[in-house]
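Q: need a 3D model of the sequence below.
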Amino acid sequence: MYALTNGWNSHFATLDELRRYMHGFRTFTDAPSRRRAAVGDRGDAYVLEADVPGATPESIKLDVTAKGFTLSIETTVARPSGLEARRLERASEKLSERVELPAAIDPDKVTATLLNGALTIVFPKASEQPPRRIAVSG
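A: From the prediction side, this is the model:
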């Protein structure tokens, strides 16, 4: 087994530093962004608020059932033609998320609005039906 001398250690330290720098650069520019979103309970409805910069109403698909929803968003970032990107802070991306809600909602009353990159979806809770007594025949 060979031992490394101090001279070699300094070269490896430089390579390790370069590797850490390049890994941070790759992660910063290529990793998909994490959308900020929250779902809260307002009492009569669940409310989802999400930051969706670059999204348009046409790029958002919302499928709703009585138990939850699926939200799909596709954003594209146009780059000026003839220019080479030196730093990318936003990238085109696709995401889809399925959420089950703790109580039934009324799919016919759901509303969604997009204003200045902020998406707000209101999921009114389904009215609770009182128990029905069923007559037993026999």
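Q: what segments of the chain are helices?
A: Remark: helices assigned in the chain by DSSP state H are 6-30.
Q: so where's it uncertain?
A: Within the chain, the segments meeting pLDDT under 70 span 1-35, 88-90.
Q: how many neighbours does residue 52 have?
A: 19 (other Cβ atoms under 10 Å). Backbone N, C-alpha and C define where each C-beta goes, glycine included.
Q: next: residue 72.
A: Residue 72: 14 neighbours (other Cβ under 10 Å).
Q: kindly report the same for residue 55.
A: 19.
Q: surely it and residue 112 touch.
A: No: Residue 55 sits out of contact with residue 112 when judged by Cβ atoms under 8 Å, with a separation of 11.5 Å.
Q: what touches both of those two?
A: Contact criterion Cβ atoms under 8 Å, 6 or more residues apart in numbering; residues bridging residue 55 and residue 112 by contacting each: residue 119.
Q: using PDB, write out every CA atom in stretch 39-56.
A: Provided in PDB are the C-alpha atoms of stretch 39-56 (Å, rounded to 0.1, in the frame of the first residue of the first chain):
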ATOM      1  CA  VAL A  39     -53.400  23.100   1.500                       C
ATOM      2  CA  GLY A  40     -55.400  24.500   4.400                       C
ATOM      3  CA  ASP A  41     -58.800  23.800   6.000                       C
ATOM      4  CA  ARG A  42     -61.000  26.800   6.100                       C
ATOM      5  CA  GLY A  43     -63.900  25.000   7.800                       C
ATOM      6  CA  ASP A  44     -66.300  24.900   4.900                       C
ATOM      7  CA  ALA A  45     -63.600  24.200   2.300                       C
ATOM      8  CA  TYR A  46     -60.000  23.100   1.700                       C
ATOM      9  CA  VAL A  47     -57.900  25.800   0.000                       C
ATOM     10  CA  LEU A  48     -54.700  25.200  -2.000                       C
ATOM     11  CA  GLU A  49     -52.400  28.100  -2.600                       C
ATOM     12  CA  ALA A  50     -49.300  27.500  -4.900                       C
ATOM     13  CA  ASP A  51     -46.600  29.600  -6.500                       C
ATOM     14  CA  VAL A  52     -46.600  28.600 -10.200                       C
ATOM     15  CA  PRO A  53     -44.400  31.200 -12.000                       C
ATOM     16  CA  GLY A  54     -44.500  30.900 -15.800                       C
ATOM     17  CA  ALA A  55     -47.800  29.000 -15.700                       C
ATOM     18  CA  THR A  56     -50.800  30.000 -17.800                       C
END
